[in-house]
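Visitor: Give me the fold of what follows.
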Amino acid sequence: MATCLSASAAFAIEPCHRGVPAISIEQGQGMPAPGYISPDAGTFHLDGKLQEQRWHNLHAAIRPLKVICRYANKVVPVVLPDTIDTCVWDNDERRVRCF
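Guide: Numbering: from 1, shown residues only. Sure, this is the predicted structure:
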């Protein structure tokens with residue numbers, strides 16, 4: 001018996017290595033793009049420190065869409081597939097997931 005995965009199944013990626021201190025999301029290339037997309041939601045701990053940032057509706061962004069992984073000693077851009085619509089950066093885990 002063969003197992004088949006649906007084409008509509010959720011596809012998630014982690015574009016940056018765990019431990020990344022900061023990220024940004026950039027849309028397009030050339031002029032007038034690229035432009036940075038600001039997070040549209042976030043949560044904070046009770047002490048006011050950032051817990052998580054979220055970017056939604058990325059399907060409407062100008063392509064190519066890139067997550068910029070901002071490590072202490074280098075900047076690494078990662079082009080996201082067109083199917084990605086949401087990215088979540090967890091400040092506590094220093095981890096970004098896009099789906």
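Visitor: going forward, measure contacts and count neighbours with C-alpha atoms only.
Guide: Will do.
Visitor: Do a quick rundown of the strands in the chain.
Guide: Along the chain, counting by DSSP state E, strands occupy 22-27, 35-37, 41-44, 50-55, 65-70, 75-79, 87-90, 95-98.
Visitor: So residue 58 sits against residue 88, correct?
Guide: No - look at residue 58 against residue 88 with Cα atoms under 8 Å: they stay out of range, at 11.6 Å.
Visitor: For the residue positioned nearest the centre of the chain, give me the pLDDT.
Guide: Residue closest to the average C-alpha location in the chain (Cα atoms, centre = their mean): residue 87, at 3.7 Å. For residue 87, the model assigns a pLDDT of 98.
Visitor: One more: residue 79?
Guide: 97.
Visitor: Output the below-cut-off pLDDT ranges for the chain.
Guide: Filtered on pLDDT under 70, the chain yields the residue ranges 1-10, 31-33.
Visitor: try 90 this time
Guide: 1-11, 29-35 (pLDDT under 90).
Visitor: Quick check, residue 89 in contact with residue 43.
Guide: No - using Cα under 8 Å, residue 89 is not in contact with residue 43, being 10.6 Å away.
Visitor: Give me the common contacts of these two.
Guide: 52-53 (Cα atoms under 8 Å, 6 or more residues apart in numbering).
Visitor: The two - which one has more neighbours?
Guide: residue 89 (23 against 14; other Cα atoms under 10 Å).
Visitor: Identify the residues contacting that one.
Guide: 23, 52-54, 95-97.
Visitor: Would you show me how to pick out the buried ones of those residues in ChimeraX?
Guide: The ChimeraX command for the buried members of the contacts of residue 89 (criterion: 16 or more other Cα atoms under 10 Å) is given here:
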select :23,52,53,54,95,96
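Visitor: With distance to residue 64 as extra columns, can I get the contacts of residue 89 in TSV?
Guide: Converted to TSV, the contacts of residue 89 look like this (distance: Cα to Cα, whole Å):
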residue	distance to residue 64
23	16
52	24
53	21
54	19
95	22
96	18
97	18
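Visitor: I am finished for the moment; much appreciated.
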